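S.K.: Sequence first, predicted model second:
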Amino acid sequence: MTSVDLFYVRSMWRNYFFDFATVNARGKSGGIISIWDPSVFVKSKIFCFDNVLIVEGLWVKLKVSVYMVNVYAPQEESEKLILWEVPVGENGNRFSKVNASNFNSFIDRIGLFDMPLGGFKFTRVGFSGKKLSKLDRVLISEELLEVMPSLAATILPSGCSDHRPIMIQMKEGLDKVVEDAWKEEVVGRGLVKVKNKLKLLKERIKGWVKVNKEKSSKDKVRLEYKLIDCEHKIETGMIDEGVFEERNDLLLELEKLNHLENKEMAIKLKYKWSLEGDENSKFFNALLKKKRKQMNISGVKDKGEWIIDPLQVKQVFFDFYSKRFKPFDGVEVVRRSNKLKFLSPDDNDFLVSEVTMLEVKLAVWGCGSDKSPGPDGFSFAFIKKFWDIMKADFFEAVQQFFWKLPFQKVVTPLLLH
């Protein structure tokens with residue numbers, strides 16, 4: 001590209017919400033363009049050189065300073081020496097083992113990792129469509145990888161250039177969704193606070209699952225259309241090695257997506273059965289109905305009189321047990337037998353001491369991870385996985401038992417867990 005205008009960039013980005021920087025080409029090669037979402041990355045400085053474009057800025061969500069370096073390596077080995085100060089590596093279809101070794105050494109020496117690329121397999125497609133190459137790479141520093149472990153790179157469809165654009169983005173994994181949701185402020189304290197956070201977390205996870213399902217469905221449709229296109233090419237005799245290789249890659253991708261769908265369906269069925277079990281069967285409902293009839297109290301006899309009115313029956317039971325369990329005086333322990341076991345002063349101090357974080361953690365880890373989830377839908381396996389994020393709020397909720405504060409009715413489902 002010799003020059004770039006706004007409409008050209010918009011045709012690649014598909015909307016007007018973007019910012020970009022460029023280095024013009026020299027002749028037919030060397031042109032570089034970097035495009036970004038200003039709500040995700042905000043530039044502060046731009047450095048332009050021959051074959052190199054550096055954009056310094058802030059990754060907004062994590063508030064991390066980032067250098068985005070875009071390099072167009074020249075074809076001549078002598079020019080590569082000037083650019084990298086070491087030979088670079090792979091040159092079109094002419095592959096040099098010496099250059100590849102030098103390129104890998106260069107990556108290791110400056111502490112970069114070669115990110116795996118998703119999407120298409122090749123990064124460059126000749127204008128004739130017959131020459132396919134993987135020339136472009138995405139390298140990331142170890143420090144940035146620790147801060148953004150969910151960073152992913154995807155090769156997009158070809159545009160006006162023979163080089164396919166590569167999109168770099170943070171994929172919202174479940175860990176990130178849980179962490180962001182749990183950090184949000186909610187009303188209440190103790191058990192009420194935990195309940196509200198779990199409610200918010202459930203909504204966020206549902207939204208995350210919905211987005212991933214939609215993306216997976218679109219990816220599957222896209223792969224199926226591309227597979228049909230490959231089949232048409234094979235039937236019409238438009239056959240080359242690239243078509244067969246692309247067809248095999250598409251079949252593998254479809255197999256992965258189908259495997260994930262089947263795995264998710266099996267988990268859903270298992271979860272549904274753990275909640276409902278035999279409750280939906282006609283046999284179970286018949287047994288339940290019979291059991292209710294057998295245990296139903298149709299009436300009660302009080303002072304020789306048969307009572308069938310429900311309110312009066314309840315009152316008879318209430319009066320009976322009130323008399324049986326009413327407090328009374330007159331019993332006093334004057335001396336404890338030496339034969340009876342009793343707690344030592346240390347044991348007594350331990351029982352009345354404040355609960356610790358370690359005790360709460362041991363109690364959680366003492367519960368089975370694979371047990372059926374509680375009314376809130378979260379299993380102990382989930383709580384254990386994200387314990388470092390949730391532990392402070394759960395510890396505060398447990399401490400509320402010892403604060404002697406009244407519990408609200410809204411925490412009842414949480415206590416049943």
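M.R.: In hand now; what should we look at?

S.K.: hmm, who's touching stretch 312-325?
M.R.: 297, 299-300, 302, 307 (C-beta atoms under 8 Å, 6 or more residues apart in numbering). Yep, even glycine has a C-beta here, placed from its N, CA and C like the rest.

S.K.: and G31, how far is that from S161?
M.R.: 8 Å (C-beta to C-beta, to the nearest Å).

S.K.: So if I had to pick from these two, which one is more boxed in?
M.R.: Higher neighbour count among G31 and S161: G31, with 20 against 13, using other C-beta atoms under 10 Å.

S.K.: Go ahead and confirm the more buried one touches A25.
M.R.: Yes. The pair G31 / A25 is scored as a contact, 3.3 Å apart, by C-beta atoms under 8 Å.

S.K.: Pretty sure S44 sits against E56.
M.R.: Yes. Counting by C-beta under 8 Å, S44 touches E56, with 5.3 Å between them.

S.K.: Name the residue in these two with the higher neighbour count.
M.R.: A direct count of neighbours by other C-beta under 10 Å for S44 and E56 places E56 higher, at 14 against 9.

S.K.: my read: that one touches V69, true?
M.R.: No. Counting by C-beta under 8 Å, E56 does not reach V69; the two are 9.6 Å apart.

S.K.: Tell me which residue of this protein is furthest from the middle?
M.R.: Relative to the C-alpha centroid of the chain, counting by C-alpha atoms, centre = their mean, G304 is the outermost residue, at 67.4 Å.

S.K.: and that one, how far is that from I297?
M.R.: 18 Å.

S.K.: Kindly report the same for V209.
M.R.: Computed with C-beta to C-beta, the distance linking V209 and I297 is 46 Å.

S.K.: Compare the two and say which one has the larger neighbour count.
M.R.: Each of V209 and I297 has its neighbours counted (other C-beta under 10 Å); V209 has more, 13 against 10.

S.K.: sec struct for the more buried one, please.
M.R.: Classification of V209 using DSSP: H, G, I helix; E, B strand; the rest coil returns helix.

S.K.: All the helices of the stretch 51-200 of the chain, residue numbers only.
M.R.: Under the criterion DSSP state H, counting those that start in this stretch, the stretch 51-200 of the chain contains helices at 77-84, 97-109, 142-147, 174-183, 191-235.

S.K.: Same check on the stretch 251-400 of the chain?
M.R.: Under DSSP H, counting those that start in this stretch, the stretch 251-400 of the chain gives helices at 282-295, 310-324, 345-352, 357-365, 380-385, 387-403.

S.K.: Tabulate the ones you listed (TSV), appending mean pLDDT.
M.R.: TSV is the format used below for the helices of the stretch 251-400 of the chain (pLDDT from 0 to 100):
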stretch	mean pLDDT
helix 282-295	75
helix 310-324	87
helix 345-352	84
helix 357-365	90
helix 380-385	85
helix 387-403	86
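
S.K.: Least confident secondary structure element in this structure?
M.R.: Ranked by mean pLDDT, DSSP states H and E, the weakest helix or strand in the chain is strand 90-91, scoring a mean of 36.

S.K.: how close does the spatially most central residue of the chain sit to T123?
M.R.: Among the residues of the chain, the one closest to the centroid is L174, at 1.3 Å (C-alpha atoms, centre = their mean). L174 sits 30 Å away from T123, taking C-beta to C-beta as the criterion.

S.K.: can you check K183 too?
M.R.: For K183, the distance to T123 - C-beta to C-beta - is 38 Å.

S.K.: higher neighbour count, the two?
M.R.: Between K183 and T123, T123 has the larger neighbour count (other C-beta under 10 Å), namely 22 against 9.

S.K.: Surely the more buried one is in contact with D136?
M.R.: Yes. Applying C-beta under 8 Å as the test, T123 and D136 come out as touching, 3.9 Å apart.

S.K.: shared neighbours, these two?
M.R.: 163-164, 166.

S.K.: of all the residues you listed, which comes closest to V40?
M.R.: V40 lies nearest to I166 out of those, by C-beta to C-beta, at 15.7 Å.

S.K.: Let me see the contact set for the closest one.
M.R.: I166 neighbours (C-beta under 8 Å, 6+ apart): 117, 123, 136, 138, 153-156.

S.K.: Show me those residues that map onto strands.
M.R.: Those of the contacts of I166 mapping onto strands are 117, 153-155, per DSSP state E.

S.K.: just the buried members of these?
M.R.: In those, burial by neighbour count holds for 117, 153, 155, counting by 16 or more other C-beta atoms under 10 Å.

S.K.: beta partners of the last one?
M.R.: Looking back up the chat, that one is I155. I155 has these beta-bridge partners by DSSP bridges: G119, I166.

S.K.: what separates it from R137, distance-wise?
M.R.: 11 Å.

S.K.: what is in contact with these two at once?
M.R.: Joint contacts of I155 and R137 (C-beta under 8 Å, 6+ apart) do not exist.

S.K.: these two touch, right, F41 and G57?
M.R.: Yes. Between F41 and G57 there is a contact at 5.3 Å, judged by C-beta under 8 Å.
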